[in-house]
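**Student:** Here is the input, now give the coordinates:
(4 chains)
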There are 2 protein chains.
Amino acid sequence: MADTMTKHDFDSDGNAPKRRVRADAQRNEDAVLEAAKAVFATAGVDAPVREIATRAGVGVGTLYRRFPTRSDLVAAVFRREVDACAATAETLAMDYPPGEALVRWLNRYTDFIATKKGLAAALHSGDPAFDALPDYFRAKFEPVLMSLLEAAAAAGEVRRDIAAYDLLRAIGNLSVAGVGDEAGAAHTRSMVELLVDGLRFGAVKAGR
Amino acid sequence: MADTMTKHDFDSDGNAPKRRVRADAQRNEDAVLEAAKAVFATAGVDAPVREIATRAGVGVGTLYRRFPTRSDLVAAVFRREVDACAATAETLAMDYPPGEALVRWLNRYTDFIATKKGLAAALHSGDPAFDALPDYFRAKFEPVLMSLLEAAAAAGEVRRDIAAYDLLRAIGNLSVAGVGDEAGAAHTRSMVELLVDGLRFGAVKAGR
DNA sequence: TTGATATACGGAACAACGTTCCGTATATAC
DNA sequence: GTATATACGGAACGTTGTTCCGTATATCAA
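**Tutor:** Modelled structure (predicted):
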């Protein structure tokens, strides 16, 4: 039978496909993301895929259909949470004076990272699935921190010669140490404060 | 002629081992450590055990006899390198003024960490084999940095309220980002400098 | 030297993981 | 209601870390 000429074919890029996404597929994707978020927070990003699939009530095949690699799943979950954290900056900027907004967001950011067991390592593991993550991370967070930084600098509270991205990375890495450790969290916080003092140091010298 | 009468019986601590350590065993242990050091530097601490065994010219069984866990091997290699890095501090302290010696050692330390792909993550992974590492790390590095810090503080170049250990951890974590990345190394360096500026900031104010 | 034996060796075998495959089930379009 | 594209579950595969054990050998006593 040569019925190769199928009836519906030209659903090229960006056009409406003949069939819409199946409801169960969508439901399962959500379930997987939700389960993954929970499992990652508990057991770190190295948690077995099977565990996530089970928790989501699907088979591993289903999971892999949507996330071809465990790294893709990690990336997807990560993106979601980045969005959430970045969003808090605006609120802070409105509710507090520049210097305080900056510090508060930095703390929020620190807490955000604290729930990312092993993620910093994964980011630099060379896995191609994570290649896009730093860019996403940066695209979301840099403008946000730049605003806070600029406002604080304008108020004469911090220096201007530190790039937002550098600060972002520095604090992110600083925070890796405190994961799952009470004393570690305290250390992280004081080191972040030290960094902020470094920021102020410059402002003092340049401000007069 | 009576000679073979115990030329080595109670060496170390009151123990009298019937047989001494076999020569081939010792040789293999060295070979494994050497191979592991090279492989870890190249491929990170997650490199396959088999690869290390092969490179050392031994079977995996032999490797596991001495290092019951891959983590134990990682720990052993790590300890060696910690010793080497800590040792450089004394030299520096003798050859440079306090402030400079401090900064130079901090840089040396940064370079040291830069070759430790993924090790910071391993340290906090919860693997029991690494539990002793932070203590070892601290026991070796803290006194060393305390000396440098104290000398610099005495010279009025830095503040006194930052604990050596915190600084150690902070820089270590800061350095994780720069692994295998040119720009990353530069970022790391400037963040370390920012930290040092934070140290100086306090010194300036502490005139009281 | 020679034999006895504790010790060490290599690599096959096992378990747990990430990932692939494919026969079966089902939501959607007509 | 039927056809069929789509999604599903889970067995199966390759690669890890680790264990096991039969074989080889360095050391000791004679």
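
**Student:** What pLDDT is listed against the residue nearest the centre of chain A?
**Tutor:** Geometric centre of chain A, nearest residue: A:Val82, 3.2 Å, by C-alpha atoms, centre = their mean. pLDDT, A:Val82: 91.

**Student:** Quickly note the distance from it to B:Arg27.
**Tutor:** Distance, A:Val82 to B:Arg27, using C-beta to C-beta, to the nearest Å: 51 Å. From N, CA and C alone the C-beta is placed, and that goes for glycine too.

**Student:** ok, now which ones touch the closest residue to A:Thr69 other than its chain neighbours?
**Tutor:** Using C-beta to C-beta, 6 or more residues apart in numbering or on different chains and skipping residues adjacent in sequence, the residue nearest A:Thr69 is A:Ala129, 5.2 Å away. Contact analysis of A:Ala129 by C-beta atoms under 8 Å, 6 or more residues apart in numbering or on different chains lists A:Thr69, A:Ser71, A:Asp72, A:Val74, A:Ala75.

**Student:** Go through the strand or helix carrying A:Pro143 and flag the buried ones.
**Tutor:** Following DSSP states H and E, one finds A:Pro143 within helix A:132-154. The neighbour-count criterion (16 or more other C-beta atoms under 10 Å in any protein chain shown) identifies A:133, A:137, A:140-142, A:144-145, A:147-149, A:151-153 as the buried residues of helix A:132-154.

**Student:** cool, and stretch A:58-74?
**Tutor:** Using 16+ other C-beta under 10 Å as the test for burial, stretch A:58-74 gives A:Val58, A:Thr62, A:Leu63, A:Arg66, A:Phe67, A:Arg70, A:Ser71, A:Leu73, A:Val74.

**Student:** So what touches that stretch?
**Tutor:** Stretch A:58-74 is touched from outside by A:25, A:28-29, A:31-33, A:36, A:40, A:45, A:49-50, A:52-53, A:56, A:76, A:119, A:122, A:127-130, with contacts defined as C-beta under 8 Å, 6+ apart.

**Student:** tell me which of the buried residues of helix A:132-154 is nearest to DNA strand C?
**Tutor:** For these, the closest approach to DNA strand C (C-beta to the nearest atom of the strand) belongs to A:Leu133, at 15.2 Å.

**Student:** from what I can see that closest one touches A:Phe78, true?
**Tutor:** Yes - proximity of A:Leu133 to A:Phe78 meets the contact threshold set by C-beta atoms under 8 Å, at 6.3 Å.

**Student:** what is in contact with the two at once?
**Tutor:** Counting by C-beta under 8 Å, 6+ apart, nothing touches both A:Leu133 and A:Phe78.

**Student:** Please parse chain A into its domains.
**Tutor:** Residue ranges for the domains of chain A, per automatic domain parsing: A:22-68, A:71-206.

**Student:** Which single residue of chain A ends up nearest DNA strand D?
**Tutor:** Per C-beta to the nearest atom of the strand, A:Gly61 is where chain A lies closest to DNA strand D, at 1.8 Å.

**Student:** right, is the helix or strand where that residue lies up against DNA strand C?
**Tutor:** Remark: A:Gly61 resides in helix A:60-66, with elements defined by DSSP H and E. Yes - judged by C-beta under 7 Å from any atom of the strand, helix A:60-66 comes into contact with DNA strand C through A:Val60, A:Gly61, A:Tyr64.

**Student:** how about those residues in JSON lines, adding pLDDT?
**Tutor:** Shown next, in JSON lines, are these (pLDDT from 0 to 100):
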{"residue": "A:Val60", "pLDDT": "97"}
{"residue": "A:Gly61", "pLDDT": "96"}
{"residue": "A:Tyr64", "pLDDT": "97"}
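
**Student:** neighbours around A:Gly184, how many?
**Tutor:** 17 (other C-beta atoms under 10 Å in any protein chain shown).

**Student:** which SS class is it?
**Tutor:** Here A:Gly184 is recorded as helix under DSSP: H, G, I helix; E, B strand; the rest coil.

**Student:** A:Ala84 too?
**Tutor:** Per three-state DSSP, A:Ala84 ends up helix.

**Student:** gap between it and DNA strand C?
**Tutor:** Using C-beta to the nearest atom of the strand, to the nearest Å, A:Ala84 is found at 25 Å from DNA strand C.

**Student:** tell me the contacts of that residue?
**Tutor:** A:Ala84 makes no contacts at all, as judged by C-beta under 8 Å, 6+ apart.

**Student:** Also the one 4 residues further on?
**Tutor:** With contacts taken as C-beta under 8 Å, 6+ apart, A:Thr88 has the following neighbours: A:Trp105, A:Arg108.

**Student:** ok, it to B:Leu123 distance?
**Tutor:** Counting by C-beta to C-beta - A:Thr88 and B:Leu123 are separated by 30 Å.
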